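*Asks:* this is a predicted model, with the sequence first.
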Amino acid sequence: MDFTCPQCKSTNVQRASLIFKQGTSSIQLMSTSLGLGAGGGHLAVGGAETATSGRQQSLLAQQLAPPKKKDQAGGGCLLTIGAALLIFGFLGGEHVMIPLLVIGVPLAVGGFWAMQRASAFNKDEYPRRVATWERSFLCLRCGHSFALDV
């Protein structure tokens, strides 16, 4: 297989997934603090322990990150709120039914539509994007990123 940059013909190329892994690290910190206070004729001592965790990434690792799935939670939240408004509209009597229906129907339909779009992306488009990312390389000479056809 030819591992040369299609733009500058350099063989100094590296797989995007490897650059991503090299530029990503996990952080886990633990700190303890103590304090002493005096006032009103009293002395007080206090302490605390703090845990911090996270992820640190280089700019290049962020640029070459793998594709992400679409989150369906936002659509689910809209659907739930819309459905609740519809239920309250039907149970609340004539004076609240119309306003709640006018708000609830678009929210429920919009939430359902957003969930369907995210689901379709995760099922169809996401696997294609991951497959392309797994075949992606970066030229370390000119910075051109490209995917090899296999």
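*Replies:* Right, received. Where do you want to start? Residues are numbered from 1 along each chain as shown.
*Asks:* quick one, what contacts the most far-flung residue of the chain relative to its centre?
*Replies:* Among the C-alpha atoms of the chain, the one most distant from their mean position (C-alpha atoms, centre = their mean) is that of residue 41, at 52.3 Å. By C-beta atoms under 8 Å, 6 or more residues apart in numbering, residue 41 lies in contact with nothing. For every residue, glycine as well, the C-beta is placed using N, CA and C.
*Asks:* also residue 105?
*Replies:* So residue 105 contacts 82, 86 (C-beta under 8 Å, 6+ apart).
*Asks:* in the helix or strand harbouring residue 120, what counts as buried?
*Replies:* Secondary structure from DSSP states H and E places residue 120 in helix 94-120. Using 16 or more other C-beta atoms under 10 Å as the burial criterion, the residues of helix 94-120 that qualify are 97, 100, 104, 107-108, 111-112, 114-115, 118.
*Asks:* any idea how far that helix is from the chain center?
*Replies:* 25 Å (C-alpha atoms, centre = their mean, to the nearest Å).
*Asks:* change the start of the numbering to 139 and stick with it
*Replies:* Fine by me, first position is 139 from now on; the one you just mentioned is helix 232-258.
*Asks:* kindly state the pLDDT recorded for the residue nearest to residue 175 when sequence neighbours are not counted?
*Replies:* Excluding its sequence neighbours, the residue lying closest to residue 175 (C-beta to C-beta, 6 or more residues apart in numbering) is residue 182, at 4.6 Å. Per-residue pLDDT puts residue 182 at 90.
*Asks:* show me what counts as buried in the helix or strand containing residue 265.
*Replies:* Using DSSP H and E, residue 265 maps to helix 264-272. Within helix 264-272, the residues that count as buried by 16+ other C-beta under 10 Å are 264, 271.
*Asks:* which neighbours does the following helix or strand past it have in its sheet, and in what orientation?
*Replies:* Following helix 264-272 in sequence order, the next helix or strand is strand 274-277 (DSSP H and E). Here strand 274-277 is paired, per DSSP bridges, with strand 151-153 (antiparallel), strand 283-285 (antiparallel).
*Asks:* mind putting the ones you listed into a markdown table with distance to residue 174 and mean neighbour count?
*Replies:* Shown next, in a markdown table, are these (distance: least, C-beta to C-beta, whole Å; neighbours: other C-beta atoms under 10 Å):
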| stretch | distance to residue 174 | mean neighbour count |
| --- | --- | --- |
| strand 151-153 | 53 | 17 |
| strand 283-285 | 56 | 15 |
